[in-house]
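Asks: let's see this in three dimensions:
(one chain, ligands or ions: 2)
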Amino acid sequence: MTKTAAIIGGGVIGGGWAARFLLMGWNVRVFDPDPEAERKITEVLENARAAMPGLSDRMLPDEGALSFCSSISSAVKGADWIQESVPERQELKRTLFQKIQAHCDDNAIIGSSTSGFMPSTLQKGATRGSQIVVTHPFNPVYLLPLVELVASPANPPDLVERAEETLRSIGMYPLKVRAEIDGHIADRLLEAVWREALWLVKDGIATTAEIDEAIRMGFGLRWAQMGLFETYRIAGGEAGMAQFLAQFGPCLKLPWTKLTDVPDLSEALIEKITSQSDEQSGAHSIRELERQRDTNLVAMMRALKWADWGAGAHLNIVDAAQPAPAWDISKPIRIIQRAVPLDWTDYNGHMTEARYLHAFAEATDRFMEFIGCDSDYIAAGQSFFTVETHIRHLDEVLAGAKIHIDTQCLVGKGKKMHLFHRMYEGDRLLATGEHMLLHVSLETRRSVLPTGAIKEKLEQIAQAHAALPWPDGAGRAVGQGAK
Ligand SMILES: NC(=O)C1=CN([C@@H]2O[C@H](COP(=O)(O)OP(=O)(O)OC[C@H]3O[C@@H](n4cnc5c(N)ncnc54)[C@H](O)[C@@H]3O)[C@@H](O)[C@H]2O)C=CC1
Ligand SMILES: C[N+](C)(C)CC(=O)CC(=O)[O-]
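Replies: Ligands and ions are numbered 1, 2, ... in the order given. Reported below is the predicted structural model:
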């Protein structure tokens with residue numbers, strides 16, 4: 001039977017919870033006295049529908065039903081999970097739990113999104129404190145897996161286990177916090193950075209933008225894939241965490257922070273940290289960790305390039321600043337020169353099939369720009385669409401290899417642009433890609449004749465290339481020549 005979640009408080013976080021439960025197939029009832037709550041949640045849900053299902057490579061369950069309730073009782077009655085996400089005010093939350101417990105099932109789980117209150121604090125005054133746990137999520141709740149699951153001694157272990165299972169079943173990563181503490185784990189870390197940042201702005205050392213650049217161009221990327229301790233283990237070089245502590249331990253006594261209450265780096269603490277770090281990361285050598293870190297960073301930074309944001313936008317600016325090559329059209333044009341990125345390789349240890357098309361598509365894009373079909377031309381309403389592609393995989397190539405693509409224009413007449421790309425590593429022919437494109441109107445989505453400078457440039461190149469030998473493999477069908 002479809003399960004039901006009641007979301008009490010449908011703001012930033014409640015809206016995110018509603019989206020996650022719904023997209024994971026739960027029915028969701030929302031109670032929020034804000035007359036704007038329905039509009040806000042509907043908008044958040046639209047974003048979540050575009051973003052969350054594509055994170056999975058499997059089909060998510062059918063979306064559940066969303067309803068808005070005019071009372072707490074109608075929202076929580078019979079619900080399997082109740083998620084409280086009202087503002088961070090202790091008394092408000094405590095009063096609400098009493099109202100919720102007057103109507104909800106005894107075996108329902110009540111999770112609180114509180115960023116900092118301990119479960120035992122929230123349980124005070126409740127009818128059944130044992131039913132309430134902290135399930136602290138991270139914004140956006142429908143994308144980020146982390147949820148800190150914090151229990152108090154009043155919570156029976158089987159309820160905590162059920163909570164953990166439920167959170168996993170909606171795709172979250174419940175991190176069980178060993179002991180109650182104000183601010184849990186993650187907000188303690190975030191608060192430290194936040195408090196330092198406030199000082200830096202107040203003291204005029206950095207602007208808000210400069211602080212954000214300091215994070216997103218550098219250590220923020222590292223934290224996303226290895227966290228703090230594994231990153232610093234690598235920073236200790238071959239001697240790992242012990243060396244890191246030896247080198248940077250004394251800095252704890254320097255005025256590097258406004259948060260001056262630091263633990264004494266005693267022998268016992270050093271031993272505790274190094275042995276936990278060994279247990280966490282000791283299965284890999286420092287070199288292996290470095291390679292893994294590099295793979296992760298390349299994949300993440302290339303994803304940011306695609307989004308043209310943060311460190312990725314910076315990389316795009318660096319690329320664009322490269323001088324444009326002077327292309328010679330009397331021979332196939334060397335349209336691409338690049339290295340094979342780490343995230344283009346597969347389980348066979350070489351460039352994966354889809355990336356050949358990726359590289360050839362890049363070559364086509366560059367060729368389009370060369371003849372004048374650039375972003376301004378496309379924004380004005382015309383472009384080319386690829387209608388047929390034939391790729392031959394002739395030899396393998398590994399990550400890091402320098403490749404180039406030479407492009408020959410076989411036909412550039414009327415609406416047709418017929419291109420033949422050859423991909424090489426040095427003199428070694430790796431693959432060919434043959435592509436037929438049609439010039440189109442982006443308004444009608446139909447083919448139309450190109451005019452003006454584009455038509456002239458394309459015809460000029462096609463004429464020059466007509467003098468070249470017809471490429472070996474052009475016009476081939478699949479299987480031709482196979483033994
Ligand atoms: N915003 C954030 O980054 C994060 C917030 N949290 C926690 O989530 C909780 C909610 O925070 P936000 O969503 O940011 O706040 P918010 O202000 O965006 O949303 C709170 C919602 O609760 C509603 N509300 C107020 N009184 C209510 C009541 N008596 N019954 C039902 N609904 C009521 C408000 O109308 C509002 O829509 C807080 O405990 C906060 O610490 C947790 C993780 C991240
Ligand atoms: C700022 N905050 C304390 C509300 C942050 C959180 O609780 C978690 C988050 O999403 O950063």
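Asks: low pLDDT regions in the stretch 151-300 of the chain?
Replies: The stretch 151-300 of the chain contains no residues with pLDDT under 70.
Asks: tell me which helix or strand the residue in it positioned nearest to ligand 2 sits in.
Replies: At 4.8 Å from ligand 2, residue 187 is the closest residue in the stretch 151-300 of the chain, using Cβ to the nearest ligand atom. In short, each C-beta sits where N, CA and C put it, glycine included. Element membership for residue 187, per DSSP states H and E: helix 186-202.
Asks: how distant is the next helix or strand after that helix from the center of its chain?
Replies: Using DSSP H and E, the helix or strand that follows helix 186-202 in sequence is helix 208-214. With Cα atoms, centre = their mean, to the nearest Å as the basis, helix 208-214 stands 20 Å off its chain's centre.
Asks: residue of this structure nearest ligand 2, please.
Replies: residue 115 (3.3 Å).
Asks: ok, that residue - contacts?
Replies: 88, 136, 183-184, 187 (Cβ atoms under 8 Å, 6 or more residues apart in numbering).
Asks: if we check ligand 1, which of the residues you listed are in contact?
Replies: When Cβ under 6 Å from any ligand atom is applied, the members of these adjacent to ligand 1 are 88, 136.
Asks: of the contacts of residue 115, buried ones?
Replies: 136, 183-184, 187 (16 or more other Cβ atoms under 10 Å).
Asks: the residues you listed in helices, which ones?
Replies: Mapping the buried ones among the contacts of residue 115 onto helices (DSSP state H) picks out residue 187.
Asks: for the buried ones among the contacts of residue 115, which one is nearest residue 161?
Replies: residue 136 (18.1 Å; Cβ to Cβ).
Asks: can I get the longest strand anywhere in the chain in CSV, CA atoms only?
Replies: Looking across the chain with DSSP state E, the single longest strand is strand 428-441. Extracted in CSV, the C-alpha atoms of strand 428-441 (Å, rounded to 0.1, in the frame of the first residue of the first chain):
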residue,chain,number,x,y,z
ARG,A,428,47.6,6.7,-35.5
LEU,A,429,44.0,6.8,-36.9
LEU,A,430,41.7,6.0,-34.0
ALA,A,431,38.2,6.6,-35.5
THR,A,432,36.2,8.3,-38.2
GLY,A,433,32.9,10.0,-37.9
GLU,A,434,30.7,10.8,-40.9
HIS,A,435,27.8,13.1,-40.2
MET,A,436,25.0,14.6,-42.4
LEU,A,437,23.6,17.8,-41.2
LEU,A,438,20.7,20.0,-42.5
HIS,A,439,20.5,23.7,-42.1
VAL,A,440,17.3,24.5,-40.2
SER,A,441,15.0,27.3,-39.0
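Asks: mind giving me the packing neighbours of it?
Replies: Secondary structure elements in contact with strand 428-441, counted by 3 or more Cβ pairs under 8 Å, 6 or more residues apart in numbering; DSSP states H and E, are helix 353-370, strand 382-393, strand 416-425.
Asks: same thing but 10 Å
Replies: helix 353-370, strand 382-393, strand 402-413, strand 416-425, helix 452-466 (3 or more Cβ pairs under 10 Å, 6 or more residues apart in numbering; DSSP states H and E).
Asks: which positions in that strand come out as buried?
Replies: In strand 428-441, counting by 16+ other Cβ under 10 Å, buried: 429-440.
Asks: just the mean pLDDT for that strand, thanks.
Replies: When pLDDT is averaged over strand 428-441, the result is 98.
Asks: next one: it to chain centre, how far?
Replies: On Cα atoms, centre = their mean, the centre of strand 428-441 falls 31 Å from that of its chain.
Asks: quick check: residue 18 vs residue 379, distance?
Replies: 37 Å (Cβ to Cβ, to the nearest Å).
Asks: between these two, which one's more packed in?
Replies: More neighbours surround residue 18 than the other of residue 18 and residue 379, with 32 against 10 (other Cβ atoms under 10 Å).
Asks: quick one: contacts for the more buried one?
Replies: 5-7, 10, 26, 28-30, 32, 37, 41-42, 44-45, 48, 64, 66, 68, 83, 85, 141-142 (Cβ atoms under 10 Å, 6 or more residues apart in numbering).
Asks: of these, buried ones?
Replies: 5-7, 10, 26, 28-30, 32, 37, 41, 44-45, 48, 64, 66, 68, 83, 85, 141-142.
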